[in-house]
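Engineer: only geometry, no sequence info:
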């Protein structure tokens, strides 16, 4: 177990700190269950990737969950290990029993949840926040106080919530867009106001119900939030969470925010393991992870890439351990055909390139797919022999 001083050194060293919740909110997605051995491996891979804090689970669930959290807390990871809790003294004590160095204390902040979920009052919420945060603080752990459903909370009450948490000893406030209803413009305004008026660190915990999890997360960062709550591939409840890989790469390439020792080359192996463990395939178009991130078929794009990769690529594929692919198919242009065959020692005349491209497009339409370089060579040989297996009149 790390001391509070050690945790602060970890989470306050860089512009932005990643608190990954794949093992908690990620596993809360319907039909995802990690075995404890898988959890230990995911924790190890997150740590090797440079994640500064790992939300390991919910110890109050007991049984295997508590065992897993305690095991992860004793794995001697470089990362801080955090246990998630309701604003409940017994929950917090269960996390403390697991020897975690950090706790998240979560309580509803919106009137709709205070009334219809808790059946309580605003006053009760503030009292409970103070009571639970003070209890956790007395045990010397790092504290994230989570304002659940913050995006639907009354702003004045949300500020009271944050001030109460800070006064009781919370190290940061987690701004939770629990049902994914936030928008980036409003998000930046609200988060910026919290930071300005309360002077507390803010963590962005955003859901993707409207496809804005990453956008809202980054809006919060631009407003001054220093913590990212992420999951690998964005797995999580309903439509998921802000993806680890997207938020880290956005910080680096778009917003010039340092995420410290995050190793982007480790993201692919991490995602592949989580993909298998969660039984969630990585979509081919998934940003930073998908097989098509650097696949180019359209003639104009492929020609631009052949001339200079920066024409149509926003970052180097090697940064994520990916490979560039020039695909031959219906949308290919002449330069793709010429370049691919030149790699096999074949030089085409202008007429041959035009005629072969027509055959390539016909072939691709007939097969409903792209074609390989070997198949391109066969089409070239057929063309020289005056044969066309895809000619409907043959």
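Structural biologist: Good, I have the coordinates. Predicted model only: the values in this text are computed from it and were never measured. Numbers count the residues shown, from 1 in each chain.
Engineer: which parts of stretch 243-250 are buried?
Structural biologist: Within stretch 243-250, the residues that count as buried by 16 or more other Cβ atoms under 10 Å are 243, 244, 245, 246, 247, 248, 249, 250. For the C-beta atoms, the positions are set from N, CA and C on the backbone; glycine is no exception.
Engineer: same thing with stretch 215-233?
Structural biologist: Buried-residue list, stretch 215-233, by 16+ other Cβ under 10 Å: 215-221, 223, 225-233.
Engineer: burial measure for residue 55, as a count.
Structural biologist: Using other Cβ atoms under 10 Å, residue 55 has 27 neighbouring residues.
Engineer: with the one 4 residues further on instead?
Structural biologist: Residues lying near residue 59 (other Cβ under 10 Å) number 26.
Engineer: pretty sure it contacts residue 66?
Structural biologist: Yes - between residue 59 and residue 66 there is a contact at 4.6 Å, judged by Cβ atoms under 8 Å.
Engineer: can you give me the helices for the stretch 101-250 of the chain?
Structural biologist: 111-113, 122-137, 155-168, 184-198, 213-222, 244-253 (DSSP state H, counting those that start in this stretch).
Engineer: quick one: contacts for residue 28?
Structural biologist: 236, 237 (Cβ atoms under 8 Å, 6 or more residues apart in numbering).
Engineer: so what touches the helix or strand of the chain with the lowest mean pLDDT?
Structural biologist: Counting by mean pLDDT, DSSP states H and E, the chain has its least confident helix or strand at helix 299-307, which shows a mean of 87. For helix 299-307, the external contacting residues (Cβ under 8 Å, 6+ apart) are 296, 311-313, 324, 326-327, 331-336, 339.
Engineer: list the buried residues of that helix.
Structural biologist: Using 16+ other Cβ under 10 Å as the test for burial, helix 299-307 gives 299, 301, 302, 303, 304, 305, 306.
Engineer: reformat the residues you listed as JSON lines; add distance to residue 364.
Structural biologist: Formatted as JSON lines, the buried residues of helix 299-307 follow (distance: Cβ to Cβ, whole Å):
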{"residue": "299", "distance to residue 364": "13"}
{"residue": "301", "distance to residue 364": "16"}
{"residue": "302", "distance to residue 364": "14"}
{"residue": "303", "distance to residue 364": "17"}
{"residue": "304", "distance to residue 364": "20"}
{"residue": "305", "distance to residue 364": "19"}
{"residue": "306", "distance to residue 364": "19"}
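Engineer: quick one: terminal-to-terminal distance for stretch 222-230?
Structural biologist: Criterion Cα to Cα, to the nearest Å; first-to-last residue distance in stretch 222-230 is 17 Å.
Engineer: now tell me what touches it from outside.
Structural biologist: 11-12, 15-22, 25, 55, 144, 172, 174-175, 187-189, 191-192, 195-196, 201-206, 217, 221, 241-244, 247-248, 251, 255, 259.
Engineer: stretch 164-171 now?
Structural biologist: Residues outside stretch 164-171 that contact it (Cβ under 8 Å, 6+ apart) are 8, 105, 126, 129-130, 133-134, 136-137, 142-145, 173, 198-201.
Engineer: tell me the mean pLDDT over it?
Structural biologist: On average, the pLDDT along stretch 164-171 is 98.
Engineer: following the chain onward from the least confident helix or strand of the chain, which element is next?
Structural biologist: strand 325-326 (DSSP states H and E).
Engineer: just to revisit the earlier point, of all the helices of the stretch 101-250 of the chain, which lies closest to residue 278?
Structural biologist: helix 244-253 (13.5 Å; Cβ to Cβ).
Engineer: nearest the geometric middle of the chain, what residue?
Structural biologist: Closest residue to the average C-alpha location of the chain: residue 243 at 1.3 Å, with Cα atoms, centre = their mean.
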